[in-house]
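In: with the sequence up front, the predicted model follows.
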Amino acid sequence: MSKKQIEECIRSSLESYFKDLRGEEPHSMYEMLLRIVEKPLLEVVMQHAEGNQSRAAEWLGINRNTLRRKLLDHKLLK
């Protein structure tokens, strides 16, 4: 899947989200979307990195300590 396809998938999902609101105004969308996207992103990257946090952090372009904190926040580490 290309970047463009991912963008189209997100755009379509957001349009559905607004449609489901039926005119109600959304609240705190930015934080909600970051949390929704971040967890599966971390899960998939960690799987492909075979659990190697240093490699996963490098792929994500973040510090290993930041990755570890995010994994704990999402209850992806014990």
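Out: Ah, there it is.

In: quick one: pLDDT of the residue lying farthest from the centre of the chain?
Out: Computed with CA atoms, centre = their mean, the residue of the chain farthest from its C-alpha average is residue 23, at 26.2 Å. Among the per-residue scores, residue 23 shows a pLDDT of 90.

In: try the one 10 residues further on
Out: Reported pLDDT at residue 33 in the predicted model: 94.

In: same question, the one 5 residues further on
Out: At residue 38 the predicted local confidence, pLDDT, stands at 97.

In: got the contact list for it?
Out: 70, 74 (CB atoms under 8 Å, 6 or more residues apart in numbering). To be clear about C-beta, it is placed using only N, CA and C from the backbone, and glycine gets the same treatment.

In: ok, it to residue 21 distance?
Out: Using CB to CB, to the nearest Å, one obtains 22 Å as the distance from residue 38 to residue 21.

In: all helices for this structure, in order.
Out: 3-21, 29-48, 53-60, 64-73 (DSSP state H).

In: distance of residue 61 from residue 45?
Out: Taking CB to CB, one finds residue 61 at 11 Å from residue 45.

In: ditto for residue 14
Out: From residue 14 to residue 45 the distance is 23 Å (CB to CB).

In: same thing with residue 6?
Out: From residue 6 to residue 45 the distance is 14 Å (CB to CB).
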